[in-house]
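In: what's the 3D shape of this:
(chains A and B)
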Amino acid sequence: MATQDVSPTLKLLEKSEKISQGAEAKIYRAQLHPTPFTSESNSDGENVLLKYRFHKQYRHPTLDASLTKSRVAGEARAIIKCLRSGVNVPGIRMVDAAEGVLGIEWIEGKSVRFLLGGGAEDEGDIVEDADAAKDEDEVTEVKEEDLLKEYGVSADVVMEMIGTELAKMHQADIVHGDLTTSNMMLRHPASPKGLQLVLIDFGLAYISTLIEDKAVDIYVLERAFSSTHPASEGLFAGVLKAYEKKMGKDWAAILRRLEDVRLRGRKRSMVG
Amino acid sequence: MPGRVKKRSPLKAPDRPFIALGLEGSANKIGAGIIKHDPDGSTHVLSNVRHTYITPPGEGFQPRHTALHHREWALTVINDALKKAAVSMHHIDCICFTKGPGMGAPLVSVALVARTLSLLYDKPLVGVNHCVGHIEMGRQVTGAHNPVVLYVSGGNTQVIAYSQQCYRIFGETLDIAVGNCLDRFARVINLSNDPSPGYNIEQEAKKGKRLLPLPYATKGMDISLSGILTSIEAYTTDKRFRPNGPTAEDGDDVITPQDLCFSLQETVFAMLVEITERAMAHIGSKEVLVVGGVGCNERLQEMMGVMASERGGHVFAMDERFCIDNGIMIAQAGLLSFRMGFETPLAKSTCTQRFRTDQVHVTWRA
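Out: Below you'll find the predicted structure:
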């Protein structure tokens, strides 16, 4: 492909619609087909999601370049391994590790975090209220049932789906590394593939057969549940139950390690 | 945004001025501070006195010696604080002390002083969580509304956000604290502990140029630092390492202590900024507050500022008076809970080395 001054990947980004900025990447909605370089007439191509790890100004350039490259490549590798093992993840559409761009399948649906009433990540803009009085704190209250109704499932069923999906992933020796309810999506029942729980954001994922790593992975999710959905801590038990069922004989060892991991945080009160 | 409601703060405006004395001694600093809350809602720092136990280069501070230092200095520091504030013990409404977390022996020494003063002058005691003290003082000084807090010091490394009367810990170090990591490396390369090892690392890092590869260990919202310390220590036995700078016959491929300080700061701070950014994205906040001793590192503040502006937010940071452990923050957090009716009875005025930030019920916030 003929390379001009600007790489084709960045050109594609320019033409795409930025939809949000996550912790380490900007997210764009773009269309790859029929071809992004012909003008206008591509409105009915397939939607893809572009995850652009832009250069972080605060980080030393050398450190930043090596981190970006290894994370894009690592994410693509983990997703492909998941796909091969039948874990529900978005399909890969393009990879440009040097520029820090990963293109994945567009998923029609909402994050589990949003559906459980933990708010949506990208609504930060609205929250800012410069005149908010000093001693007032804002608290969000959302009725969770209403959000899930559209998907025709109860929160308990969603927990079961999470547990099963996690078990499938761990059986394939993939460790997600950043499990939170924001990193799980429910595919809308009206979409071609039907209702599905899809794991997303494999930016910190790695391959490991160690029980330790899997237990830590579960622990990270447990902590995310209690910090994002403090009112519904009982839900997590549902995740573990489904996970246990799917993992079968491997479960006992992971549970034992998980109990160890829970004790590990600093300055916890303990006896003896 | 469906159903977003604003809640009134449960903290009523005081009907008279309240004055609190705060005593802090969880690590190698002993501090006394006096704070006043006026009926019009304003807060005044009347005095903030501190004395630091400084050990020779290459040595850390040991609990027993630190406790001895605190016992020797406690009365001087408290008298000094009272004199600067121009108040007498009789004007004070409550005596706040650090209940934990921290080193056992120094904590106990300072708590003993607090208990004695309480009995002598018949003043109520208020036990304060050290971390909450940092957060409350940071909010007070900077005016940050509801920030994500990065608390980085010699004993703690946590990313904290407030939710439902609790400072929840979103991410933290899995092994050693970042200040501990820097201090221990300062000992390895024999930097002075005066005024603090972290400050001297910062100055050395300004002269460093070469970024050496180190592990980069972020795990979700948590980080791990002990492996980085091991790796950076290993560079000091590398045959390219020149403890006294390059000599005339050396080529470009040498490693100086300045390069190591530079690499250590760049790597470790990048990790801290990254997990803070993660927490910000996760809860949708645009404010960051940096507290704790490492928080007065200007390179960290700069990196945090760049990250915050990339996200359209801003960073709140403070100078060493309020960043490094001090008595005034204990007074501030203690007085807030005292005004909500909280007191620590004498029989319960114990200390604990393990006292997590999220164990405190934050009654004074909605």
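In: what are the ranges of the helices in the stretch 1-150 of chain B?
Out: Taking DSSP state H, counting those that start in this stretch, the helices of the stretch 1-150 of chain B run over residues B:63-85, B:104-121, B:130-142.
In: A:Glu24 and B:Glu277 touch, don't they?
Out: Yes. Under the criterion of CB atoms under 8 Å, A:Glu24 makes contact with B:Glu277 at 7.1 Å. In short, each C-beta sits where N, CA and C put it, glycine included.
In: so for those two, which residue has more residues nearby?
Out: Using other CB atoms under 10 Å in any protein chain shown as the criterion, A:Glu24 and B:Glu277 rank with B:Glu277 on top: 24 against 20.
In: quick one: contacts for the more buried one?
Out: A:Ala23, A:Glu24, B:Met307, B:Arg311 (CB atoms under 8 Å, 6 or more residues apart in numbering or on different chains).
In: can I get those residues in CSV with pLDDT and secondary structure?
Out: Output for the contacts of B:Glu277, formatted as CSV (pLDDT from 0 to 100; DSSP: H, G, I helix; E, B strand; the rest coil):
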residue, pLDDT, secondary structure
A:Ala23, 77, coil
A:Glu24, 81, coil
B:Met307, 94, helix
B:Arg311, 88, coil
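In: from these, pick the one nearest A:Ile218.
Out: Distances from A:Ile218 to the contacts of B:Glu277, taken as CB to CB, are shortest for A:Ala23 (21.0 Å).
In: is it correct that the closest one is in contact with B:Arg278?
Out: Yes. A:Ala23 is within contact range of B:Arg278, at 4.3 Å (criterion: CB under 8 Å).
In: which of the contacts of B:Glu277 has the most neighbours?
Out: Result: B:Met307 is most packed of the contacts of B:Glu277 (other CB under 10 Å), 23 neighbours.
In: that one and A:Glu105, how far apart?
Out: Between B:Met307 and A:Glu105 the distance, using CB to CB, to the nearest Å, works out to 30 Å.
In: same question, A:Glu46
Out: 8 Å.
In: for those two, indicate the residue with more neighbours.
Out: Looking at A:Glu46 and A:Glu105 with other CB under 10 Å, you find the greater number of neighbours at A:Glu105, namely 16 against 12.
In: what sits against the more buried one?
Out: A:Val48, A:Leu49, A:Pro90, A:Gly91, A:Ile92, A:Arg93.
In: which one of those residues has the most neighbours?
Out: Within the contacts of A:Glu105, A:Val48 tops the neighbour count with 24 neighbours, counted by other CB under 10 Å.
In: check which element follows whatever helix or strand that one lives in along the chain.
Out: Taking DSSP states H and E as the definition, A:Val48 sits inside strand A:47-52. Counting by DSSP H and E, the element after strand A:47-52 in chain order, helix or strand, is helix A:61-84.
In: low-confidence regions, the chain specifically.
Out: Using chain A. A:1-5, A:33-45, A:119-146, A:233, A:265-272 (pLDDT under 70).
In: nope, chain B please
Out: Residue ranges of chain B with pLDDT under 70: B:1-7.
In: excluding its backbone neighbours, what's nearest the residue nearest the centre of it?
Out: Nearest to the mean C-alpha position of chain B, by CA atoms, centre = their mean, lies B:Gly292 at 2.2 Å. Leaving aside its chain neighbours, B:Gly292 sits nearest to B:Ser153 (3.5 Å; criterion: CB to CB, 6 or more residues apart in numbering or on different chains).
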